[in-house]
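Novice: heads up, no residue letters with this:
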(Lines give C-alpha, C1' and ligand atoms only; values in the text may rest on other atoms or scores of the structure.)
Protein backbone atom coordinates (compact mmCIF):
# COMPACT_ATOMS: atom_id res chain seq x y z
CA UNK A 1 0.00 0.00 0.00
CA UNK A 2 2.76 2.45 0.95
CA UNK A 3 4.73 1.52 -2.13
CA UNK A 4 1.90 2.39 -4.50
CA UNK A 5 0.86 5.54 -2.62
CA UNK A 6 4.38 6.95 -2.73
CA UNK A 7 4.43 6.57 -6.48
CA UNK A 8 1.11 8.33 -7.02
CA UNK A 9 1.59 11.87 -8.39
CA UNK A 10 -0.89 14.33 -6.95
CA UNK A 11 -2.90 14.80 -10.14
CA UNK A 12 -6.61 15.26 -9.63
CA UNK A 13 -7.41 12.53 -12.14
CA UNK A 14 -5.15 9.80 -10.74
CA UNK A 15 -6.51 6.28 -10.84
CA UNK A 16 -5.27 4.38 -7.80
CA UNK A 17 -8.60 4.20 -5.97
CA UNK A 18 -8.84 0.43 -5.87
CA UNK A 19 -6.98 0.55 -2.54
CA UNK A 20 -9.62 2.89 -1.21
CA UNK A 21 -12.71 1.09 -2.37
CA UNK A 22 -15.17 -0.10 0.19
CA UNK A 23 -15.17 -3.50 1.79
CA UNK A 24 -18.29 -5.62 1.45
CA UNK A 25 -19.40 -4.59 4.91
CA UNK A 26 -18.67 -0.90 4.26
CA UNK A 27 -20.50 -1.07 0.94
CA UNK A 28 -23.58 -2.41 2.65
CA UNK A 29 -23.45 0.28 5.35
CA UNK A 30 -22.81 3.07 2.87
CA UNK A 31 -25.85 2.17 0.83
CA UNK A 32 -28.21 3.38 3.53
CA UNK A 33 -31.95 3.18 3.60
CA UNK A 34 -32.24 5.30 0.48
CA UNK A 35 -30.76 2.52 -1.65
CA UNK A 36 -33.53 0.05 -0.86
CA UNK A 37 -36.27 0.57 -3.41
CA UNK A 38 -38.65 -1.42 -5.55
CA UNK A 39 -36.85 -2.90 -8.57
CA UNK A 40 -39.25 -1.35 -11.10
CA UNK A 41 -38.31 2.19 -10.11
CA UNK A 42 -35.26 2.22 -12.38
CA UNK A 43 -35.07 5.41 -14.46
CA UNK A 44 -32.35 6.69 -16.73
CA UNK A 45 -32.49 10.39 -16.18
CA UNK A 46 -30.63 13.21 -14.51
CA UNK A 47 -29.61 16.79 -14.96
CA UNK A 48 -27.28 17.79 -17.80
CA UNK A 49 -23.61 17.88 -16.89
CA UNK A 50 -22.73 20.74 -19.17
CA UNK A 51 -20.88 22.73 -16.53
CA UNK A 52 -17.35 21.63 -15.75
CA UNK A 53 -17.44 22.36 -12.02
CA UNK A 54 -18.96 19.02 -10.87
CA UNK A 55 -16.20 17.04 -12.57
CA UNK A 56 -13.48 19.15 -10.94
CA UNK A 57 -15.11 18.71 -7.53
CA UNK A 58 -15.43 14.95 -7.98
CA UNK A 59 -11.81 14.59 -9.00
CA UNK A 60 -10.51 16.52 -5.98
CA UNK A 61 -12.78 14.68 -3.53
CA UNK A 62 -11.79 11.26 -4.80
CA UNK A 63 -8.10 12.15 -4.48
CA UNK A 64 -8.57 13.24 -0.87
CA UNK A 65 -10.60 10.16 0.06
CA UNK A 66 -8.01 7.76 -1.33
CA UNK A 67 -5.47 8.49 1.38
CA UNK A 68 -8.04 8.48 4.19
CA UNK A 69 -9.58 5.04 3.68
CA UNK A 70 -8.69 1.71 5.18
CA UNK A 71 -9.13 -1.44 3.14
CA UNK A 72 -10.18 -4.32 5.42
CA UNK A 73 -10.94 -7.37 3.32
CA UNK A 74 -11.74 -11.04 3.76
CA UNK A 75 -10.73 -13.65 1.23
CA UNK A 76 -12.84 -16.51 2.55
CA UNK A 77 -15.89 -15.82 0.40
CA UNK A 78 -13.77 -15.29 -2.70
CA UNK A 79 -11.97 -18.58 -2.11
CA UNK A 80 -15.30 -20.40 -1.91
CA UNK A 81 -16.14 -19.00 -5.34
CA UNK A 82 -12.85 -20.02 -6.99
CA UNK A 83 -14.57 -22.18 -9.56
CA UNK A 84 -16.65 -19.26 -10.87
CA UNK A 85 -13.60 -17.81 -12.61
CA UNK A 86 -11.79 -21.01 -13.54
CA UNK A 87 -12.49 -20.86 -17.28
CA UNK A 88 -11.35 -23.37 -19.89
CA UNK A 89 -8.16 -23.48 -21.88
CA UNK A 90 -9.36 -23.71 -25.46
CA UNK A 91 -7.49 -25.17 -28.40
CA UNK A 92 -8.82 -23.63 -31.61
CA UNK A 93 -8.01 -23.79 -35.27
CA UNK A 94 -5.92 -21.04 -36.84
CA UNK A 95 -7.94 -18.36 -38.62
CA UNK A 96 -6.67 -17.98 -42.21
CA UNK A 97 -5.34 -14.45 -42.61
CA UNK A 98 -6.86 -13.90 -46.05
CA UNK A 99 -9.44 -11.33 -45.09
CA UNK A 100 -9.41 -7.57 -45.45
CA UNK A 101 -7.19 -5.61 -43.07
CA UNK A 102 -10.18 -3.88 -41.58
CA UNK A 103 -12.89 -6.50 -41.61
CA UNK A 104 -13.40 -9.02 -38.77
CA UNK A 105 -13.87 -12.73 -39.38
CA UNK A 106 -17.39 -13.37 -40.63
CA UNK A 107 -18.25 -16.81 -39.29
CA UNK A 108 -17.67 -16.08 -35.59
CA UNK A 109 -17.11 -19.82 -35.12
CA UNK A 110 -13.34 -20.03 -35.15
CA UNK A 111 -12.98 -20.14 -31.38
CA UNK A 112 -14.46 -23.55 -30.59
CA UNK A 113 -13.01 -25.19 -27.45
CA UNK A 114 -12.02 -28.78 -26.89
CA UNK A 115 -12.26 -30.60 -23.59
CA UNK A 116 -8.87 -29.91 -21.96
CA UNK A 117 -9.27 -28.19 -18.58
CA UNK A 118 -7.22 -25.28 -17.30
CA UNK A 119 -6.03 -27.27 -14.30
CA UNK A 120 -4.86 -30.20 -16.46
CA UNK A 121 -3.05 -28.00 -18.97
CA UNK A 122 -1.36 -25.98 -16.24
CA UNK A 123 -0.25 -28.97 -14.18
CA UNK A 124 1.86 -30.55 -16.94
CA UNK A 125 4.33 -27.67 -16.78
CA UNK A 126 7.46 -28.21 -14.68
CA UNK A 127 7.15 -26.25 -11.43
CA UNK A 128 5.02 -23.49 -12.97
CA UNK A 129 4.94 -20.10 -11.29
CA UNK A 130 1.61 -18.97 -9.90
CA UNK A 131 0.93 -16.23 -12.42
CA UNK A 132 -2.02 -13.82 -12.46
CA UNK A 133 -2.95 -12.27 -15.80
CA UNK A 134 -4.83 -8.98 -15.85
CA UNK A 135 -6.33 -7.07 -18.78
CA UNK A 136 -7.41 -3.42 -18.61
CA UNK A 137 -9.40 -1.45 -21.18
CA UNK A 138 -9.38 2.36 -21.25
CA UNK A 139 -12.33 4.60 -21.92
CA UNK A 140 -12.42 6.53 -25.16
CA UNK A 141 -15.80 6.38 -26.90
CA UNK A 142 -15.67 5.24 -30.52
CA UNK A 143 -11.92 4.79 -30.23
CA UNK A 144 -12.80 1.52 -28.51
CA UNK A 145 -12.35 0.05 -31.98
CA UNK A 146 -8.58 0.20 -31.30
CA UNK A 147 -8.52 -2.29 -28.37
CA UNK A 148 -11.28 -4.32 -30.04
CA UNK A 149 -9.01 -4.81 -33.06
CA UNK A 150 -5.99 -5.62 -30.87
CA UNK A 151 -7.88 -8.26 -28.87
CA UNK A 152 -9.22 -9.82 -32.06
CA UNK A 153 -5.66 -10.16 -33.35
CA UNK A 154 -4.56 -11.50 -29.95
CA UNK A 155 -7.22 -14.22 -30.07
CA UNK A 156 -6.11 -15.15 -33.57
CA UNK A 157 -2.42 -15.31 -32.68
CA UNK A 158 -2.87 -17.28 -29.44
CA UNK A 159 -5.78 -19.37 -30.76
CA UNK A 160 -7.51 -18.80 -27.42
CA UNK A 161 -10.56 -16.88 -26.30
CA UNK A 162 -9.99 -13.72 -24.30
CA UNK A 163 -11.40 -15.20 -21.07
CA UNK A 164 -9.09 -18.21 -21.40
CA UNK A 165 -6.04 -15.94 -21.42
CA UNK A 166 -6.78 -13.79 -18.36
CA UNK A 167 -7.84 -14.18 -14.73
CA UNK A 168 -9.19 -10.65 -14.34
CA UNK A 169 -10.37 -7.84 -16.56
CA UNK A 170 -11.21 -4.22 -15.81
CA UNK A 171 -12.85 -1.77 -18.18
CA UNK A 172 -13.92 1.87 -17.95
CA UNK A 173 -16.54 3.56 -20.15
CA UNK A 174 -16.21 2.10 -23.66
CA UNK A 175 -13.62 -0.24 -22.15
CA UNK A 176 -16.29 -1.46 -19.74
CA UNK A 177 -18.55 -2.31 -22.67
CA UNK A 178 -15.72 -4.29 -24.28
CA UNK A 179 -14.87 -6.10 -21.02
CA UNK A 180 -18.50 -7.07 -20.43
CA UNK A 181 -19.02 -8.31 -23.99
CA UNK A 182 -15.86 -10.47 -23.92
CA UNK A 183 -16.39 -11.89 -20.44
CA UNK A 184 -20.10 -12.39 -19.72
CA UNK A 185 -21.31 -15.94 -20.36
CA UNK A 186 -23.34 -16.79 -23.43
CA UNK A 187 -26.97 -17.84 -22.88
CA UNK A 188 -26.55 -20.81 -25.21
CA UNK A 189 -23.21 -22.07 -23.88
CA UNK A 190 -21.99 -20.90 -20.44
CA UNK A 191 -18.40 -21.85 -21.33
CA UNK A 192 -18.37 -19.27 -24.13
CA UNK A 193 -18.50 -15.45 -24.01
CA UNK A 194 -21.61 -13.50 -24.95
CA UNK A 195 -19.69 -11.95 -27.87
CA UNK A 196 -16.37 -13.12 -29.35
CA UNK A 197 -13.79 -10.45 -30.08
CA UNK A 198 -14.63 -10.50 -33.80
CA UNK A 199 -18.23 -9.48 -33.03
CA UNK A 200 -17.07 -6.67 -30.72
CA UNK A 201 -14.79 -5.39 -33.47
CA UNK A 202 -17.62 -5.54 -36.00
CA UNK A 203 -19.85 -3.55 -33.65
CA UNK A 204 -17.29 -0.77 -33.23
CA UNK A 205 -16.49 -0.79 -36.96
CA UNK A 206 -20.05 -0.60 -38.27
CA UNK A 207 -22.39 0.48 -35.44
CA UNK A 208 -20.63 3.31 -33.57
CA UNK A 209 -23.13 5.87 -34.84
CA UNK A 210 -25.84 4.15 -32.79
CA UNK A 211 -24.06 5.17 -29.56
CA UNK A 212 -23.88 8.85 -30.47
CA UNK A 213 -27.27 10.26 -31.50
CA UNK A 214 -26.99 14.04 -31.26
CA UNK A 215 -29.39 16.35 -29.43
CA UNK A 216 -28.55 19.15 -31.81
CA UNK A 217 -26.86 22.39 -30.87
CA UNK A 218 -25.35 22.07 -27.37
CA UNK A 219 -22.21 24.26 -27.40
CA UNK A 220 -20.17 21.06 -27.25
CA UNK A 221 -21.97 19.91 -24.12
CA UNK A 222 -21.60 23.24 -22.31
CA UNK A 223 -25.34 24.04 -22.13
CA UNK A 224 -26.77 20.50 -22.33
CA UNK A 225 -25.47 17.01 -22.88
CA UNK A 226 -24.44 16.38 -26.47
CA UNK A 227 -26.12 13.01 -27.03
CA UNK A 228 -29.43 11.30 -26.32
CA UNK A 229 -29.01 8.83 -23.49
CA UNK A 230 -32.05 6.75 -24.48
CA UNK A 231 -30.39 5.71 -27.73
CA UNK A 232 -27.21 4.72 -25.93
CA UNK A 233 -29.25 2.61 -23.52
CA UNK A 234 -31.22 1.00 -26.35
CA UNK A 235 -27.97 -0.01 -28.03
CA UNK A 236 -26.58 -1.45 -24.78
CA UNK A 237 -29.79 -3.40 -24.27
CA UNK A 238 -29.45 -4.91 -27.73
CA UNK A 239 -25.88 -5.96 -26.90
CA UNK A 240 -26.43 -7.41 -23.42
CA UNK A 241 -30.14 -8.18 -23.16
CA UNK A 242 -31.06 -9.34 -19.65
CA UNK A 243 -27.68 -10.84 -18.73
CA UNK A 244 -26.53 -10.29 -15.15
CA UNK A 245 -23.11 -9.06 -14.03
CA UNK A 246 -22.62 -12.12 -11.82
CA UNK A 247 -22.61 -14.28 -14.98
CA UNK A 248 -18.93 -13.66 -15.68
CA UNK A 249 -16.39 -16.16 -16.96
CA UNK A 250 -13.56 -14.46 -15.02
CA UNK A 251 -13.24 -11.80 -12.33
CA UNK A 252 -14.33 -8.42 -13.69
CA UNK A 253 -14.14 -4.82 -12.41
CA UNK A 254 -16.09 -1.89 -13.87
CA UNK A 255 -15.30 1.58 -12.41
CA UNK A 256 -18.08 4.17 -12.15
CA UNK A 257 -18.61 7.23 -9.98
CA UNK A 258 -21.68 7.49 -7.71
CA UNK A 259 -22.78 11.13 -7.61
CA UNK A 260 -25.23 10.63 -4.70
CA UNK A 261 -22.71 8.90 -2.43
CA UNK A 262 -19.95 11.20 -3.76
CA UNK A 263 -17.63 8.23 -4.06
CA UNK A 264 -16.10 5.93 -6.69
CA UNK A 265 -18.10 2.77 -7.26
CA UNK A 266 -16.21 -0.21 -8.65
CA UNK A 267 -18.54 -3.04 -9.65
CA UNK A 268 -16.98 -6.45 -8.99
CA UNK A 269 -18.36 -9.63 -10.51
CA UNK A 270 -17.30 -11.81 -7.57
CA UNK A 271 -19.19 -9.52 -5.17
CA UNK A 272 -22.21 -9.78 -7.45
CA UNK A 273 -22.05 -13.57 -7.21
CA UNK A 274 -22.08 -13.38 -3.40
CA UNK A 275 -24.89 -10.86 -2.85
CA UNK A 276 -27.86 -9.94 -5.09
CA UNK A 277 -27.61 -6.33 -3.87
CA UNK A 278 -24.30 -6.15 -5.76
CA UNK A 279 -25.71 -7.75 -8.92
CA UNK A 280 -27.06 -5.65 -11.79
CA UNK A 281 -28.01 -6.03 -15.42
CA UNK A 282 -24.90 -5.70 -17.58
CA UNK A 283 -26.67 -3.13 -19.75
CA UNK A 284 -27.16 -0.91 -16.66
CA UNK A 285 -23.55 -1.13 -15.50
CA UNK A 286 -22.43 -0.39 -19.07
CA UNK A 287 -24.76 2.62 -19.15
CA UNK A 288 -23.35 3.90 -15.86
CA UNK A 289 -19.67 3.58 -16.72
CA UNK A 290 -20.18 5.25 -20.10
CA UNK A 291 -22.20 8.25 -18.81
CA UNK A 292 -19.47 10.74 -19.64
CA UNK A 293 -20.17 14.23 -18.27
CA UNK A 294 -21.25 16.63 -21.03
CA UNK A 295 -21.84 13.67 -23.38
CA UNK A 296 -24.63 11.70 -21.64
CA UNK A 297 -26.91 12.16 -18.64
CA UNK A 298 -26.10 10.28 -15.43
CA UNK A 299 -27.65 6.83 -15.10
CA UNK A 300 -29.71 5.54 -12.21
CA UNK A 301 -29.51 1.76 -11.89
CA UNK A 302 -31.05 -0.77 -9.51
CA UNK A 303 -29.79 -4.14 -8.29
CA UNK A 304 -31.50 -7.48 -7.99
CA UNK A 305 -33.71 -7.97 -4.96
CA UNK A 306 -32.44 -9.86 -1.93
CA UNK A 307 -34.57 -12.32 0.06
CA UNK A 308 -36.13 -9.45 2.00
CA UNK A 309 -37.36 -7.85 -1.21
CA UNK A 310 -34.84 -5.01 -1.01
CA UNK A 311 -32.76 -3.58 -3.85
CA UNK A 312 -29.88 -1.09 -4.07
CA UNK A 313 -29.64 1.92 -6.35
CA UNK A 314 -26.73 3.97 -7.68
CA UNK A 315 -26.67 7.24 -9.61
CA UNK A 316 -23.63 6.95 -11.85
CA UNK A 317 -21.39 8.84 -14.21
CA UNK A 318 -18.42 7.68 -16.27
CA UNK A 319 -15.66 5.96 -14.28
CA UNK A 320 -13.23 7.91 -16.45
CA UNK A 321 -13.48 10.86 -14.05
CA UNK A 322 -11.05 8.97 -11.80
CA UNK A 323 -9.91 5.77 -13.57
CA UNK A 324 -10.03 6.12 -17.33
CA UNK A 325 -7.22 3.58 -17.44
CA UNK A 326 -8.29 0.98 -14.85
CA UNK A 327 -4.99 -0.96 -14.85
CA UNK A 328 -4.03 0.21 -11.35
CA UNK A 329 -7.53 -0.49 -10.03
CA UNK A 330 -7.26 -4.05 -11.34
CA UNK A 331 -3.69 -4.60 -10.17
CA UNK A 332 -4.47 -3.44 -6.62
CA UNK A 333 -7.53 -5.70 -6.48
CA UNK A 334 -5.57 -8.65 -7.86
CA UNK A 335 -2.89 -8.22 -5.20
CA UNK A 336 -5.61 -8.46 -2.59
CA UNK A 337 -7.67 -11.39 -3.85
CA UNK A 338 -4.80 -13.50 -5.25
CA UNK A 339 -2.44 -13.64 -2.23
CA UNK A 340 -0.70 -16.81 -3.44
CA UNK A 341 0.34 -15.30 -6.77
CA UNK A 342 4.06 -15.19 -7.55
CA UNK A 343 3.91 -13.22 -10.81
CA UNK A 344 1.60 -10.60 -12.30
CA UNK A 345 1.17 -9.93 -16.02
CA UNK A 346 -0.75 -6.69 -16.67
CA UNK A 347 -1.81 -5.94 -20.25
CA UNK A 348 -3.30 -2.47 -20.67
CA UNK A 349 -5.20 -1.57 -23.83
CA UNK A 350 -5.47 2.16 -24.50
CA UNK A 351 -7.75 3.88 -26.98
CA UNK A 352 -5.09 6.15 -28.43
CA UNK A 353 -3.52 9.38 -27.30
CA UNK A 354 -3.31 12.66 -29.19
CA UNK A 355 -0.71 15.28 -28.39
CA UNK A 356 -2.68 18.47 -28.95
CA UNK A 357 -1.06 21.20 -26.84
CA UNK A 358 -3.09 24.04 -25.37
CA UNK A 359 -0.78 27.03 -25.68
CA UNK A 360 -0.72 29.81 -23.11
CA UNK A 361 -2.00 32.59 -25.36
CA UNK A 362 -4.94 30.47 -26.52
CA UNK A 363 -5.82 29.43 -22.96
CA UNK A 364 -6.15 33.04 -21.81
CA UNK A 365 -9.13 33.69 -24.07
CA UNK A 366 -11.01 30.49 -23.25
CA UNK A 367 -14.52 30.80 -21.74
CA UNK A 368 -16.46 28.36 -19.61
CA UNK A 369 -17.96 26.54 -22.56
CA UNK A 370 -14.46 26.19 -24.11
CA UNK A 371 -13.23 24.47 -20.97
CA UNK A 372 -16.34 22.30 -20.87
CA UNK A 373 -15.42 20.86 -24.26
CA UNK A 374 -11.66 20.69 -23.60
CA UNK A 375 -11.71 19.24 -20.09
CA UNK A 376 -12.86 15.65 -20.86
CA UNK A 377 -9.90 15.03 -23.18
CA UNK A 378 -7.49 16.64 -20.70
CA UNK A 379 -8.84 14.50 -17.86
CA UNK A 380 -8.70 11.29 -19.90
CA UNK A 381 -5.12 11.85 -21.06
CA UNK A 382 -3.89 12.94 -17.62
CA UNK A 383 -5.53 10.00 -15.86
CA UNK A 384 -4.23 7.40 -18.31
CA UNK A 385 -0.71 8.85 -18.40
CA UNK A 386 -0.56 8.83 -14.59
CA UNK A 387 -1.54 5.18 -14.34
CA UNK A 388 0.91 4.26 -17.09
CA UNK A 389 3.69 5.95 -15.10
CA UNK A 390 2.65 4.21 -11.88
CA UNK A 391 2.45 0.76 -13.41
CA UNK A 392 5.74 1.16 -15.29
CA UNK A 393 7.46 2.34 -12.10
CA UNK A 394 6.14 -0.62 -10.12
CA UNK A 395 7.21 -3.08 -12.82
CA UNK A 396 10.71 -1.60 -13.04
CA UNK A 397 11.13 -1.98 -9.26
CA UNK A 398 9.63 -5.47 -8.96
CA UNK A 399 10.63 -8.29 -11.30
CA UNK A 400 7.47 -10.26 -10.45
CA UNK A 401 5.39 -7.65 -12.35
CA UNK A 402 5.31 -7.68 -16.14
CA UNK A 403 3.54 -4.66 -17.57
CA UNK A 404 2.57 -4.05 -21.20
CA UNK A 405 0.81 -0.96 -22.48
CA UNK A 406 -0.66 -0.61 -25.98
CA UNK A 407 -1.42 3.05 -26.66
CA UNK A 408 -1.02 4.37 -30.22
CA UNK A 409 -0.41 8.05 -30.83
CA UNK A 410 -3.17 9.55 -32.97
CA UNK A 411 -3.05 12.62 -35.20
CA UNK A 412 -5.07 15.48 -33.75
CA UNK A 413 -7.60 15.38 -36.60
CA UNK A 414 -8.82 11.91 -35.51
CA UNK A 415 -8.59 12.36 -31.74
CA UNK A 416 -12.28 13.06 -31.01
CA UNK A 417 -13.78 10.06 -29.24
CA UNK A 418 -17.26 10.77 -30.67
CA UNK A 419 -16.10 10.91 -34.30
CA UNK A 420 -18.13 8.25 -36.11
CA UNK A 421 -17.05 8.82 -39.72
CA UNK A 422 -15.99 5.74 -41.68
CA UNK A 423 -12.69 7.36 -42.63
CA UNK A 424 -11.79 8.08 -38.99
CA UNK A 425 -12.67 4.54 -37.91
CA UNK A 426 -10.54 3.16 -40.76
CA UNK A 427 -7.58 5.27 -39.60
CA UNK A 428 -8.06 4.23 -35.97
CA UNK A 429 -7.84 0.59 -37.06
CA UNK A 430 -4.71 1.38 -39.06
CA UNK A 431 -3.02 2.64 -35.88
CA UNK A 432 -4.26 -0.40 -33.94
CA UNK A 433 -2.75 -2.69 -36.55
CA UNK A 434 0.59 -0.92 -36.18
CA UNK A 435 0.51 -1.84 -32.49
CA UNK A 436 -0.17 -5.50 -33.27
CA UNK A 437 2.92 -5.67 -35.50
CA UNK A 438 5.26 -4.70 -32.66
CA UNK A 439 7.61 -7.20 -30.95
CA UNK A 440 5.89 -6.29 -27.68
CA UNK A 441 2.55 -7.54 -28.99
CA UNK A 442 4.02 -10.87 -30.07
CA UNK A 443 5.74 -11.22 -26.69
CA UNK A 444 2.38 -10.77 -24.95
CA UNK A 445 0.78 -13.32 -27.28
CA UNK A 446 3.55 -15.81 -26.46
CA UNK A 447 3.01 -15.37 -22.71
CA UNK A 448 -0.76 -15.67 -22.99
CA UNK A 449 -0.52 -18.76 -25.19
CA UNK A 450 0.74 -20.71 -22.18
CA UNK A 451 -1.95 -22.35 -20.00
CA UNK A 452 -2.99 -19.98 -17.26
CA UNK A 453 -2.71 -20.83 -13.57
CA UNK A 454 -6.03 -22.23 -12.26
CA UNK A 455 -7.64 -19.65 -9.94
CA UNK A 456 -7.84 -22.11 -7.06
CA UNK A 457 -4.02 -22.08 -6.96
CA UNK A 458 -4.03 -18.28 -6.52
CA UNK A 459 -6.83 -17.55 -4.09
CA UNK A 460 -6.48 -17.70 -0.32
CA UNK A 461 -7.25 -21.01 1.33
CA UNK A 462 -10.80 -21.17 2.65
CA UNK A 463 -11.03 -20.89 6.41
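Specialist: That came through fine. Keep in mind that this is a model prediction, so the values were computed, not measured.

Novice: what's around residue 200, how many residues?
Specialist: 28 (other Cβ atoms under 10 Å). (C-beta placed from N, C-alpha, C; glycine too.)

Novice: tell me how far it lies from residue 226.
Specialist: 24 Å (Cβ to Cβ, to the nearest Å).

Novice: one more: residue 409?
Specialist: Distance, residue 409 to residue 226, using Cβ to Cβ: 25 Å.

Novice: do the same with residue 324
Specialist: Residue 324 sits 18 Å away from residue 226, going by Cβ to Cβ.

Novice: more crowded one of these two?
Specialist: Using other Cβ under 10 Å as the criterion, residue 324 and residue 226 rank with residue 324 on top: 30 against 23.

Novice: for the more buried one, phi and psi?
Specialist: Main-chain dihedrals, residue 324, degrees, to the nearest 10: phi -60, psi -30.

Novice: for residue 135, see how far away it is.
Specialist: Taken as Cβ to Cβ, the span from residue 324 to residue 135 is 15 Å.

Novice: enumerate every residue touching residue 436.
Specialist: Applying Cβ atoms under 8 Å, 6 or more residues apart in numbering, we find residue 436 in contact with 149-150, 153-154.

Novice: 7 Å instead?
Specialist: 150, 153 (Cβ atoms under 7 Å, 6 or more residues apart in numbering).

Novice: name the element residue 402 belongs to?
Specialist: strand 401-406 (DSSP states H and E).

Novice: in its sheet, what does that strand sit against?
Specialist: Here strand 401-406 is paired, per DSSP bridges, with strand 343-349 (parallel).

Novice: give me the mean pLDDT for the strand it pairs with.
Specialist: The pLDDT scores in strand 343-349 average 98.

Novice: immediately after that strand, which helix or strand?
Specialist: Next helix or strand after strand 343-349 toward the C-terminus (DSSP H and E): helix 360-364.

Novice: buried residues in that following helix?
Specialist: By neighbour count with 16 or more other Cβ atoms under 10 Å, helix 360-364 contains no buried residues.

Novice: what's the mean pLDDT across the helix or strand that it is followed by?
Specialist: As assigned by DSSP H and E, the chain's next helix or strand after helix 360-364 is helix 368-397. In this model, helix 368-397 has an average pLDDT of 85.

Novice: next, the angle from helix 368-397 to strand 401-406.
Specialist: 140 degrees (axes from the mean of the first three to the mean of the last three Cα atoms, to 10 degrees).

Novice: pLDDT weak spots in the stretch 1-150 of the chain?
Specialist: Along the stretch 1-150 of the chain, the model assigns pLDDT under 70 to residues 1-128.

Novice: try it again with 90
Specialist: 1-129 (pLDDT under 90).

Novice: surely residue 278 and residue 271 touch.
Specialist: Yes - with contact defined as Cβ atoms under 7 Å, residue 278 counts as touching residue 271 (4.3 Å).

Novice: which residues touch stretch 160-171?
Specialist: 85, 87-90, 92, 111, 132-137, 151, 155, 158, 178-179, 182-183, 193, 197, 249-254, 326, 329-330, 334, 448-449, 452, 455.

Novice: is it true that residue 340 touches residue 458?
Specialist: Yes - using Cβ under 7 Å, residue 340 is in contact with residue 458, at 5.3 Å.

Novice: show me which of those two is the more surrounded one.
Specialist: Set side by side, residue 340 and residue 458 show more neighbours around residue 458, with 22 against 14, by other Cβ under 10 Å.

Novice: can you give me the distance of the more buried one to residue 261?
Specialist: As for residue 458, its distance to residue 261 is 31 Å (criterion: Cβ to Cβ).

Novice: got the contact list for the closest residue to residue 401 other than its chain neighbours?
Specialist: In this structure, residue 401 finds its nearest non-sequential neighbour in residue 395, 4.4 Å apart by Cβ to Cβ, 6 or more residues apart in numbering. In this structure, residue 395 makes contact with 401-403, judged by Cβ under 7 Å, 6+ apart.

Novice: rerun at 8 Å
Specialist: With contact taken as Cβ under 8 Å, 6+ apart, residue 395 is in contact with 346, 401-403.

Novice: and for the residue nearest to residue 319 when sequence neighbours are not counted, the neighbour number?
Specialist: Nearest residue to residue 319, sequence neighbours excluded (Cβ to Cβ, 6+ apart): residue 255, at 3.2 Å. Other residues within reach of residue 255, judged by other Cβ under 10 Å, total 32.

Novice: list phi and psi for residue 255.
Specialist: Torsion angles, degrees, to the nearest 10, at residue 255: phi -80, psi 140.

Novice: my guess is it contacts residue 328. True?
Specialist: No - applying Cβ atoms under 8 Å, one finds residue 255 not in contact with residue 328, separated by 10.5 Å.

Novice: how long is stretch 149-169 end to end?
Specialist: Terminal residues of stretch 149-169 are spaced 17 Å apart (Cα to Cα, to the nearest Å).

Novice: what comes up buried for that stretch?
Specialist: Neighbour counts over stretch 149-169 (16+ other Cβ under 10 Å) mark 149-169 as buried.

Novice: on that earlier part again, for the strand holding residue 402, buried residues please.
Specialist: Buried-residue list, strand 401-406, by 16+ other Cβ under 10 Å: 401-406.

Novice: quickly name whichever of those residues is closest to residue 213.
Specialist: Using Cβ to Cβ, residue 406 is the member of the buried residues of strand 401-406 that sits closest to residue 213, with 29.8 Å.

Novice: from residue 203, how far off is that closest one?
Specialist: 20 Å.

Novice: same deal with residue 328?
Specialist: Taking Cβ to Cβ as the measure, residue 328 and residue 203 are separated by 28 Å.

Novice: of those two, who's got more company?
Specialist: Ranked by neighbour count (other Cβ under 10 Å), residue 328 and residue 203 place residue 328 first, with 28 against 23.

Novice: just checking, the more buried one is part of a strand?
Specialist: No - assigned with DSSP: H, G, I helix; E, B strand; the rest coil, residue 328 falls outside any strand and is helix.

Novice: many thanks, we can stop here.
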